[in-house]
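*Asks:* the following block contains a protein sequence and its predicted model.
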Number of protein chains: 2
Amino acid sequence: MTTKERIADEALTLFSERGYQGTSVKNIADAVGIRDSSLYKHFTSKKEIFDTIVKEMQERMSGLTFRVGLPSGESRSAEAAAYGELTADSLCDLSKQIFLFYLKDDFISRFWRMAMMEQYHSPEIYGVYRKIFLEESIVYQTELFREMIRLGYFHSADPEVMAISFYTPIFFLLTKYMGEPEEEETALRLLEKQVAEFCRIYHNQKRLDT
Amino acid sequence: MTTKERIADEALTLFSERGYQGTSVKNIADAVGIRDSSLYKHFTSKKEIFDTIVKEMQERMSGLTFRVGLPSGESRSAEAAAYGELTADSLCDLSKQIFLFYLKDDFISRFWRMAMMEQYHSPEIYGVYRKIFLEESIVYQTELFREMIRLGYFHSADPEVMAISFYTPIFFLLTKYMGEPEEEETALRLLEKQVAEFCRIYHNQKRLDT
DNA sequence: GTCTATACCTGGATAGAC
DNA sequence: GTCTATCCAGGTATAGAC
């Protein structure tokens, strides 16, 4: 890890804990173990460190067609088919994986926290935050459920309603337990109950026998 | 409105737009139309202004047993009975009222925005924010659905799952459309669909005929 | 590429006249 | 209770030696 990378990394940690304005260049330099003035050999300004972090997140998110847990490169109908093979139990596991990915991935979780705090201070982070956590997930899952219904894996229903029903509890629990890692078990138990109910309502058991 | 109240009011507006640290005492004084030094005749510090706002919110929230739209003073089973009389349509109206209350009430919406940004900077606001927007709503609605199931207004189901299913879309849509007031119609349309589906799943139509 | 030293500014807060 | 004047701390950023 180069010094430049270490600066960005420590900055993200501090930004996610104290906010952008609550973090001084000296705080970052201290965390890295250099003098604040030395930091300007790597970045021209504090703002540039912030921008670099945002850019890094954008790249990670476009590289990773994650969204719902699958590697990129596959077509939506291929993904839908893969999901369709899932039993209710493994759909539950999947939701937990998504939940824990956002909660535990060092970069993502720190970025989420920072973005939540800073979304109204810069138009750029406002856009990135909303795109990733509020819009793309819903759009993507809507298309996925639409496809899965078409293929007969789920009962016929409004796919957008399904996407919102599936995603909003995950979103809520992430928001709620992001600040309380020790309550992770509680969150997972609640999530489990929600997904079980979701499956009870929408999942087409019969399709599994064909 | 006294000068002291105007200071707190303008401060809340600025805090909700730029954050606590992003707002200077001079910014607040300018908005009120006095010099920054004069402000210290009303508050001993910037922090005290912030604390006053938090306290005000706490008082509003305890005075108003709002939570789901009913005036305080009635017992839970009385409330449940009142809700039970609702048709699916009026339950939908109710959810919109809750949504619009949080979104449109000047004080609440500014406070929400500020709290979202500042939750990790002061333990006190962390507590208040989570209590109001993440915990109390769920706890309260869980008890309410439990009662309504007992009275036969809803099908038998896990009341906590119902509360989460009912509240998390509202929470998500609030988070999403808080920054985009011009998209209010979109949000209401989505909310309507969610509540209709919720009623389709859980509401006991037969009970309405008794 | 790191250091010391420093310039420059803004922000929070106080003193004291009116 | 508002003003002017002022203090002091801390923050961003630059210059120049090593």
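*Replies:* Looks like it arrived, so ask away. Numbering: from 1, shown residues only, chains lettered A, B, ... in the order given.

*Asks:* show me where chain A has helices.
*Replies:* A:3-18, A:25-32, A:36-39, A:46-63, A:76-84, A:88-104, A:106-118, A:123-129, A:137-150, A:159-177, A:184-202 (DSSP state H).

*Asks:* dump the ones you listed into JSON lines; add mean pLDDT as well.
*Replies:* Formatted as JSON lines, those follow (pLDDT from 0 to 100):
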{"stretch": "helix A:3-18", "mean pLDDT": "98"}
{"stretch": "helix A:25-32", "mean pLDDT": "98"}
{"stretch": "helix A:36-39", "mean pLDDT": "98"}
{"stretch": "helix A:46-63", "mean pLDDT": "94"}
{"stretch": "helix A:76-84", "mean pLDDT": "66"}
{"stretch": "helix A:88-104", "mean pLDDT": "87"}
{"stretch": "helix A:106-118", "mean pLDDT": "97"}
{"stretch": "helix A:123-129", "mean pLDDT": "96"}
{"stretch": "helix A:137-150", "mean pLDDT": "92"}
{"stretch": "helix A:159-177", "mean pLDDT": "97"}
{"stretch": "helix A:184-202", "mean pLDDT": "96"}
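
*Asks:* among those, which comes closest to B:Arg18?
*Replies:* With distances scored as CB to CB, the stretch of the helices of chain A nearest to B:Arg18 is helix A:106-118 (10.9 Å). Glycine gets a C-beta too; all of them are placed from N, C-alpha and C.

*Asks:* gap between the closest one and the chain center?
*Replies:* 10 Å (CA atoms, centre = their mean, to the nearest Å).

*Asks:* close to chain B, is it?
*Replies:* Yes - Helix A:106-118 reaches chain B (CB under 8 Å from any CB of the partner chain) through A:Arg113, A:Met116, A:Met117, A:Glu118.

*Asks:* and the gap between the residue lying closest to A:Thr3 once chain neighbours are set aside and A:Thr142?
*Replies:* Nearest residue to A:Thr3, sequence neighbours excluded (CB to CB, 6 or more residues apart in numbering or on different chains): A:His42, at 6.2 Å. Remark: distance between A:His42 and A:Thr142 (CB to CB, to the nearest Å) = 42 Å.

*Asks:* closest one of the residues of helix A:106-118 next to chain B to DNA strand D?
*Replies:* Relative to DNA strand D, the closest of the residues of helix A:106-118 next to chain B is A:Glu118; by CB to the nearest atom of the strand it sits at 13.8 Å.

*Asks:* quick one: that closest one and A:Ile125 touch, right?
*Replies:* Yes - using CB atoms under 8 Å, A:Glu118 is in contact with A:Ile125, at 5.3 Å.

*Asks:* phi, psi of A:His121?
*Replies:* phi -100, psi -20 (degrees, to the nearest 10).

*Asks:* report pLDDT for it.
*Replies:* At A:His121, the model reports a pLDDT of 93.

*Asks:* kindly reformat the helices of chain A as a markdown table and extend each row with mean neighbour count.
*Replies:* Converted to a markdown table, these look like this (neighbours: other CB atoms under 10 Å in any protein chain shown):
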| stretch | mean neighbour count |
| --- | --- |
| helix A:3-18 | 19 |
| helix A:25-32 | 18 |
| helix A:36-39 | 14 |
| helix A:46-63 | 16 |
| helix A:76-84 | 17 |
| helix A:88-104 | 16 |
| helix A:106-118 | 20 |
| helix A:123-129 | 17 |
| helix A:137-150 | 19 |
| helix A:159-177 | 22 |
| helix A:184-202 | 18 |
